[in-house]
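>>> here's a sequence, model it:
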Amino acid sequence: MTTDEKVSRAQDKYQNLINKFGFELADFMERFFGEILSELNSTESENGIAVEE
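Reported below is the predicted structural model:
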């Protein structure tokens, strides 16, 4: 395996890790903020505050 092939392979692995991290972060943020918004909406509804959709 040449140096260029090793560099290319390492770059591919690095890019895959970045992509995986990005997808996991996006999934976490979607769940986290979804739960917060859901909690806020239910609290506002319980307190008689109009909830805008």
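>>> only C-alpha atoms from now on, for both contacts and neighbour counts.
Will do.
>>> which pLDDT value belongs to the most centrally placed residue in the chain?
Compute the mean C-alpha point of the chain, and by C-alpha atoms, centre = their mean the closest residue is Ala26, 1.2 Å away. As predicted, Ala26 sits at a pLDDT of 95.
>>> and if you look at Phe32?
For Phe32, the model assigns a pLDDT of 96.
>>> which helix or strand contains it?
Assignment of secondary structure by DSSP states H and E places Phe32 within helix 3-46.
>>> distance between that helix and the chain's centre?
Counting by C-alpha atoms, centre = their mean, to the nearest Å, helix 3-46 is centred 3 Å from the centre of its parent chain.
>>> give the other helices and strands that it contacts.
Taking 3 or more C-alpha pairs under 8 Å, 6 or more residues apart in numbering; DSSP states H and E as contact, there are no helices or strands that helix 3-46 lies on.
>>> picking that back up, against Gln15, how distant is the residue nearest to the centre of the chain?
Distance, Ala26 to Gln15, by C-alpha to C-alpha, to the nearest Å: 16 Å.
>>> now Glu39
Computed as C-alpha to C-alpha, the Glu39 to Gln15 distance reads 36 Å.
>>> counting neighbours, what do you get for Thr43?
The criterion is other C-alpha atoms under 10 Å. On that basis, Thr43 has 13 neighbouring residues.
>>> measure it to Leu37 for me?
As defined by C-alpha to C-alpha, Thr43 lies at a distance of 10 Å from Leu37.
>>> likewise Thr3?
With the distance defined as C-alpha to C-alpha, Thr3 ends up 50 Å from Leu37.
>>> more crowded one of the two?
Here Thr3 and Leu37 are compared on neighbour count by other C-alpha under 10 Å; more neighbours surround Leu37, at 12 against 8.
>>> check the more buried one and give its pLDDT.
In this prediction, Leu37 carries a pLDDT score of 92.
>>> so where is the chain shaky, pLDDT-wise?
The chain contains residues with pLDDT under 70 at 47-53.
>>> now the residue nearest to the centre of the chain: how far from Thr3?
In this structure, Ala26 and Thr3 are separated by 34 Å, where distance is defined by C-alpha to C-alpha.
>>> and what of Phe32?
Remark: distance between Phe32 and Thr3 (C-alpha to C-alpha) = 43 Å.
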